[in-house]
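Asker: coords please:
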Amino acid sequence: MPTRWPAYVVLKWTKSLTDKEEENMEVWKITQIKSSNAASKRQLASLASLGIRRMNHSVEKEITPVIRGMVEKVRHLVSVEEVK
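Answerer: Numbers count the residues shown, from 1 in each chain. Down below sits the predicted model:
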């Protein structure tokens with residue numbers, strides 16, 4: 001059975017953004033434009049982590065270094081548009 005973290009630990013790890021930080025967050029619309037049939041396992045995992053399920057499926061993500069890295073790995077399969 002998994003152990004549960006005490007509430008004070010969970011609260012310590014969470015960081016709430018201020019209104020100014022939320023305002024400055026960049027959002028990208030990521031759309032799969034090519035088939036993932038010939039993609040490697042690593043690329044398929046990146047698509048799944050981004051939440052893209054099929055062709056022409058779009059998701060909107062706030063840009064972090066992690067998201068940028070995943071998009072870079074599948075840049076030949078997706079198109080990216082800046083929303084905000």
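
Asker: Buried ones in stretch 73-81, by neighbour count?
Answerer: Residues Lys73, Val74, Leu77, Val78 are the ones in stretch 73-81 that count as buried (16 or more other Cβ atoms under 10 Å). Placement of C-beta: from N, CA and C, glycine included.

Asker: In helices only, show me these.
Answerer: Among the buried residues of stretch 73-81, the ones falling in helices (DSSP state H) are Lys73.

Asker: Just give the nearest non-adjacent residue to Ile63, would you?
Answerer: Spatially, and ignoring its direct neighbours in sequence, Ile63 is nearest to Glu26 (4.5 Å; Cβ to Cβ, 6 or more residues apart in numbering).

Asker: Val71 sits in which helix or strand?
Answerer: Assigning secondary structure by DSSP states H and E places Val71 in helix 65-73.

Asker: Show residues contacting that helix.
Answerer: Trp28, Ile30, Arg42, Gln43, Ser46, Ser49, Leu50, Lys61, Val78, Val80 (Cβ atoms under 8 Å, 6 or more residues apart in numbering).

Asker: next one: that helix to chain centre, how far?
Answerer: 8 Å (Cα atoms, centre = their mean, to the nearest Å).

Asker: Show me which positions of it end up buried.
Answerer: By 16+ other Cβ under 10 Å, the buried positions in helix 65-73 come out as Ile67, Met70, Val71, Lys73.

Asker: about what we covered before: what count of nearby residues applies to the residue nearest to Ile63?
Answerer: 13 (other Cβ atoms under 10 Å).

Asker: Val59: what's it in contact with?
Answerer: Lys29, Ile30, Leu50, Gly51, Ile52.

Asker: Show me these that map onto strands.
Answerer: Counted as lying in strands by DSSP state E, out of the contacts of Val59, are Lys29, Ile30.

Asker: Just the element for Leu44, please.
Answerer: For Leu44, the element it lies in under DSSP H and E is helix 41-50.
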